[in-house]
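Visitor: just coords:
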């Protein structure tokens, strides 16, 4: 780990009384739910969805479908610039990332099992990369669309990936978590997915993507590879990003915890895909323009989320990239990452 900075971990229980910390990104799934007049109802309904889906996935010796409880903790990681004087540096620390940590309670035996850490992934630096850095690169390249292949800098995502890797290698992470994280998100609406013959008892049927997306490449720089599975009872595959062996390194119980948690979020945020009224066919192209879907009874403003991503990216530029550019560039070069754009 770099001598210039270190990491601090704090946790917050995600329950119906959760209130986002000032450092939390407002576009983060759980933070977005915990706003507005119906915040407690939103959270209560979401947690109920997660627990019911988990019990649906884990049916053995569970005849009434309520044997298991699912508990969620928000893991917040602060990057601390140790060389700076706290009294002189307004930006001595920065909220590097937030993930979810899952705990599974067997109400029959009283046994509590550690689930998978990761799941949802929140990062201000990613907002900067996609909402500030990438559009600027596209403009320089004369592109109309920010995601054009020629507009993506070769070192895009290098700094973010190296910071993520450094955090996972740190004593702070290793002392707290025994396994690497698994991130679970929506499949890409710009790609086509084809069903395979591979089946897993919990993850379900595997799909293969026709080509890597920009998100795949970005997560690849974090040392994560992708596989796509549609669990039993689901209507679309989920994208799982992981290190090691997804099928062998985690128990069925752990995988069910991640599926139930992230499927609930996706049903709320992308109902056109994950709450569709028909399941994905053998050759599947996800679309947010689909009309045959059902909405959950949970408030969510997707347009606001998109607008806030730019605000959060600029916040990162102002409070993290620019004040610490020299330190970050020197560290990134040592760690093998490209210089900051």
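Guide: Perfect, thanks for sending it. No experiment lies behind these values; they were computed from the predicted model shown.

Visitor: Quick one: the strands in the stretch 1-150 of the chain, in order.
Guide: 5-13, 68-81, 93-106, 112-122 (DSSP state E, counting those that start in this stretch).

Visitor: CSV please, covering those strands and showing distance to residue 56.
Guide: Bear in mind the C-beta positions are built from the backbone N, C-alpha and C, glycine included. Shown next, in CSV, are the strands of the stretch 1-150 of the chain (distance: least, C-beta to C-beta, whole Å):
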stretch, distance to residue 56
strand 5-13, 24
strand 68-81, 10
strand 93-106, 14
strand 112-122, 16
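
Visitor: Can you lay out these as TSV showing mean neighbour count and mean pLDDT?
Guide: TSV is the format used below for the strands of the stretch 1-150 of the chain (neighbours: other C-beta atoms under 10 Å; pLDDT from 0 to 100):
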stretch	mean neighbour count	mean pLDDT
strand 5-13	15	94
strand 68-81	20	96
strand 93-106	21	96
strand 112-122	21	96
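
Visitor: Let me know which of those is the nearest to residue 22.
Guide: Of all these, strand 93-106 sits nearest to residue 22, with 9.1 Å by C-beta to C-beta.

Visitor: how many degrees apart are that closest one and strand 112-122 in direction?
Guide: Angle of strand 93-106 versus strand 112-122, following axes from the mean of the first three to the mean of the last three C-alpha atoms, to 10 degrees, is 140 degrees.

Visitor: For residue 291, give its distance to residue 285.
Guide: Going from residue 291 to residue 285 by C-beta to C-beta, to the nearest Å gives 15 Å.

Visitor: neighbour count winner among these two?
Guide: Each of residue 291 and residue 285 has its neighbours counted (other C-beta atoms under 10 Å); residue 285 has more, 14 against 8.

Visitor: Now that one. Nearest residue, chain neighbours left out?
Guide: Excluding the flanking residues, the one nearest residue 285 by C-beta to C-beta, 6 or more residues apart in numbering is residue 192, at 5.0 Å.

Visitor: I'd like to know how many residues surround the one you found.
Guide: With other C-beta under 10 Å as criterion, residue 192 counts 15.

Visitor: which ones are touching it?
Guide: By C-beta atoms under 8 Å, 6 or more residues apart in numbering, residue 192 lies in contact with 209, 210, 283, 284, 285.

Visitor: Distance of it relative to residue 136?
Guide: 30 Å.

Visitor: next one: residue 281
Guide: Relative to residue 136, residue 281 is positioned 39 Å away (C-beta to C-beta).

Visitor: per-residue confidence averaged over stretch 262-278?
Guide: The predicted model assigns stretch 262-278 a mean pLDDT of 95.

Visitor: ditto for stretch 216-224
Guide: 97.

Visitor: What's the end-to-end length of it?
Guide: 8 Å (C-alpha to C-alpha, to the nearest Å).

Visitor: ok, residues contacting that stretch?
Guide: 126, 129, 156-158, 160-161, 164-165, 168, 183, 188, 209, 212, 226, 241-243.

Visitor: How much space separates the closest residue to residue 180 other than its chain neighbours from residue 213?
Guide: Nearest non-adjacent residue to residue 180, counting by C-beta to C-beta, 6+ apart: residue 243, 4.3 Å away. In this view, residue 243 and residue 213 are 19 Å apart by C-beta to C-beta.

Visitor: before we move on, back to that, tell me which of the strands of the stretch 1-150 of the chain lies nearest to residue 49.
Guide: Using C-beta to C-beta, these put strand 68-81 closest to residue 49, at 10.2 Å.

Visitor: now the angle from that closest one to strand 112-122?
Guide: Using the same axes, to 10 degrees: strand 68-81 against strand 112-122 is 50 degrees.

Visitor: ok, of the contacts of stretch 216-224, which come out buried?
Guide: Neighbour counting by 16 or more other C-beta atoms under 10 Å classes 126, 129, 156-158, 160-161, 164-165, 168, 183, 188, 209, 226, 241-243 among these as buried.

Visitor: Show me the residues you listed that map onto strands.
Guide: Taking DSSP state E as the definition of strands, the buried ones among the contacts of stretch 216-224 contribute 183, 209, 226, 241, 242.

Visitor: Could you tell me the model confidence score at the fourth one?
Guide: Confidence per residue is given as pLDDT, and for residue 241 that number is 98.

Visitor: any idea how far residue 61 is from residue 232?
Guide: Using C-beta to C-beta, one gets 18 Å for the distance from residue 232 to residue 61.

Visitor: what's across from the residue nearest to the spatial centre of the chain in the sheet?
Guide: Centroid-nearest residue in the chain: residue 121, 2.4 Å away (criterion: C-alpha atoms, centre = their mean). Residue 121 has these beta-bridge partners by DSSP bridges: residue 99.

Visitor: Could I get the contacting residues of it?
Guide: 97, 98, 99, 183, 185.

Visitor: Redo those residues as JSON lines? Include distance to residue 199.
Guide: Putting the contacts of residue 121 into JSON lines (distance: C-beta to C-beta, whole Å) gives the following:
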{"residue": "97", "distance to residue 199": "33"}
{"residue": "98", "distance to residue 199": "33"}
{"residue": "99", "distance to residue 199": "28"}
{"residue": "183", "distance to residue 199": "22"}
{"residue": "185", "distance to residue 199": "22"}
